[in-house]
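> The following block contains a protein sequence and its predicted model.
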Amino acid sequence: MLPLRARCSILVAVLLAGCAGPQQSAAPPPPEAVEPPPPPGPNYYFCQHVRKPLEIDGKIMEDGWERARWTELFVDIEGSARPAPRHGTSVKMMWDQQYLYVGAVMDEPDLRASLTEHDSIIYNDNDFEVFIDPDGNSRDYYEIEINAFNTIFDLYLPKTYDAGGKADLDWNCEGLKTAVRINGTLNDPSDRDVGWSVEMAIPWSALAPHANVPSPPRPGDVWRINFSRVQWQFTVADGAYETVPDTPEDNWVWSPQGVINMHKPYEWGYVEFIRQW
Ligand SMILES: [Ca+2]
Ligand SMILES: [Ca+2]
Ligand SMILES: [Ca+2]
Ligand SMILES: [Ca+2]
């Protein structure tokens, strides 16, 4: 779907054309008269309310999930000018009065994970990351990372790093429920895997202390949220994966940031909480 501003531009162009009156030429305006579309803004997602709690088992396929739409495929963190990600990633979201639900599916021919301790620096593995700024003020926001071992790294940031902020790793998302489903074999390079999926139930109560807005949200409330997938290059030696040294990771995201930095919440997507379609 075109961004709202682009649609408005087209609507204005159509209305102006319609105002020309029958005595004017019916020919469409020359191409140079059409305003070029604005650069795409952050993505927008309507997050539907689900009546029955979703089962956090890593499968994004129960009845409730079927009503939710998949996001756009993830793009490079710097935007579509960069090469498209090598593997597909897409997310669904739903909510009820207790939880924000996130379901992610990731194509992955080489399933790998190494970190098993809570609050390890999970982005040193291939991972999936959730960023939540409830009131969209680019301060007081949360980050949750997960790898294919279902190991969690959860943190709270009072300010962005650019603003001199320091991450609070001691913050734990109390009551968080997560599950990972592996479609293939983990840490076995001898075959070709299909991918992995992540299912999360993030309690509103855990987000409330720094939300500055009602948590759970009210229908119609809009929060700033983004998702990122960190992907490392690797080689295989003695039947095991090894990360290629001195090679930067890829960052694939839902709503592009324009630069290699997730900590710009004003570039994150908009998520509007609605009852249902
Ligand atoms: Ca499920
Ligand atoms: Ca905030
Ligand atoms: Ca933590
Ligand atoms: Ca494998």
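Perfect, thanks for sending it. Ligands and ions are numbered 1, 2, ... in the order given.
> helix or strand for the most centrally placed residue in the chain, which one?
Centroid-nearest residue in the chain: Phe227, 2.4 Å away (criterion: C-alpha atoms, centre = their mean). Per DSSP states H and E: Phe227 is located in strand 222-231.
> is any part of that strand close to ligand 2?
No - with C-beta under 5 Å from the ion as the criterion, ligand 2 is not reached by strand 222-231; the gap is at least 7.9 Å. Backbone N, C-alpha and C define where each C-beta goes, glycine included.
> wait, what's in contact with the residue nearest to the centre of the chain?
Phe227 sits next to 71, 74, 89, 91, 102, 104, 128-131, 253-254 when contact means C-beta atoms under 8 Å, 6 or more residues apart in numbering.
> next structured bit after the strand holding Phe227?
strand 234-237.
> Give me the nearest residue to whatever residue of the chain ends up closest to ligand 2, chain neighbours excluded.
Ligand 2 sits closest to Asp140 of the chain, with a gap of 3.6 Å, by C-beta to the ion. Closest residue to Asp140 apart from its sequence neighbours, by C-beta to C-beta, 6 or more residues apart in numbering: His210 at 4.2 Å.
> What count of nearby residues applies to the residue lying closest to Glu117 once chain neighbours are set aside?
Closest residue to Glu117 apart from its sequence neighbours, by C-beta to C-beta, 6+ apart: Thr151 at 6.8 Å. Residue neighbour count, defined by other C-beta atoms under 10 Å, stands at 21 for Thr151.
> wait, isn't Thr151 in contact with Ala113?
Yes - taking contacts as C-beta atoms under 8 Å, Thr151 lies within contact range of Ala113: 7.5 Å.
> what pairs with the residue nearest to the centre of the chain across the strands?
Taking DSSP bridges as the rule, Phe227 bridges to Val130.
> Right, I'll leave it there.
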